[in-house]
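K.L.:
Build the 3D model from these lines:
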Amino acid sequence: MKKTSNKKLTTIDELTDQIVGKKGTEAREQFEYELEIDVLGTMIKNARLKQNLTQEQLGNRIGVGKAQISKLENNTKDFRIGTIIKAVKALNLKVKLTLEQDESLALS
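P.N.:
Numbers count the residues shown, from 1 in each chain. Model prediction:
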């Protein structure tokens with residue numbers, strides 16, 4: 001007879017809820033924000049490398065130093081949205097920005 005396992009599989013959402021906190025909590029919001037910024041930095045770095053640009057060359061295109069590009073790519077500093085948009089445009093990437101307002105905060 002074949003023995004079956006009684007182990008329950010855990011989804012990534014369930015695991016994140018357990019480790020970081022449930023959706024809507026301050027800890028979860030911070031985690032998701034940092035994850036999104038990290039993904040953005042990785043996308044910028046990958047696009048820069050694909051175009052055979054150095055950090056210095058990209059920095060020159062948008063008027064910042066090599067160190068700022070490194071910090072942007074590695075999520076080591078908060079950046080103004082303007083700097084991020086300049087980097088994205090300099091790499092010929094498209095920007096899609098979605099803003100949502102909590103209905104309880106809507107102006108009447």
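K.L.:
Which parts of the chain are helices?
P.N.:
12-19, 26-50, 55-62, 66-73, 81-90 (DSSP state H).
K.L.:
looking at the ones you listed, which is closest to L97?
P.N.:
The closest of the helices of the chain to L97 is helix 81-90. By C-beta to C-beta, the value is 8.4 Å. Just so you know, the C-beta spots here come from the backbone N, C-alpha and C atoms, and that holds for glycine as well.
K.L.:
what pLDDT, on average, does that closest one get?
P.N.:
Taken as a whole, helix 81-90 has a mean pLDDT of 89.
K.L.:
To K96, which of the helices of the chain lies closest?
P.N.:
helix 81-90 (10.3 Å).
K.L.:
ok, and what's touching the closest one?
P.N.:
L40, I44, L58, R61, I62, G63, V64, Q68, I69, L72, K94, V95 (C-beta atoms under 8 Å, 6 or more residues apart in numbering).
K.L.:
what's around the third one, how many residues?
P.N.:
Right, the one you point to is L58. 24 (other C-beta atoms under 10 Å).
K.L.:
Cross-check the contact I'm expecting between it and I69.
P.N.:
Yes: between L58 and I69 a contact is recorded at 5.3 Å, counting by C-beta atoms under 8 Å.
K.L.:
what do those two both touch?
P.N.:
Common neighbours of L58 and I69 (C-beta under 8 Å, 6+ apart) are R48, A87.
K.L.:
coming back round to it: buried only: go through the contacts of helix 81-90 for me.
P.N.:
L40, I44, L58, R61, I62, V64, Q68, I69, L72 (16 or more other C-beta atoms under 10 Å).
K.L.:
Between all of the residues you listed, which two are at the greatest distance?
P.N.:
Most distant of those, by C-beta to C-beta, are L40 and R61, 17.6 Å apart.
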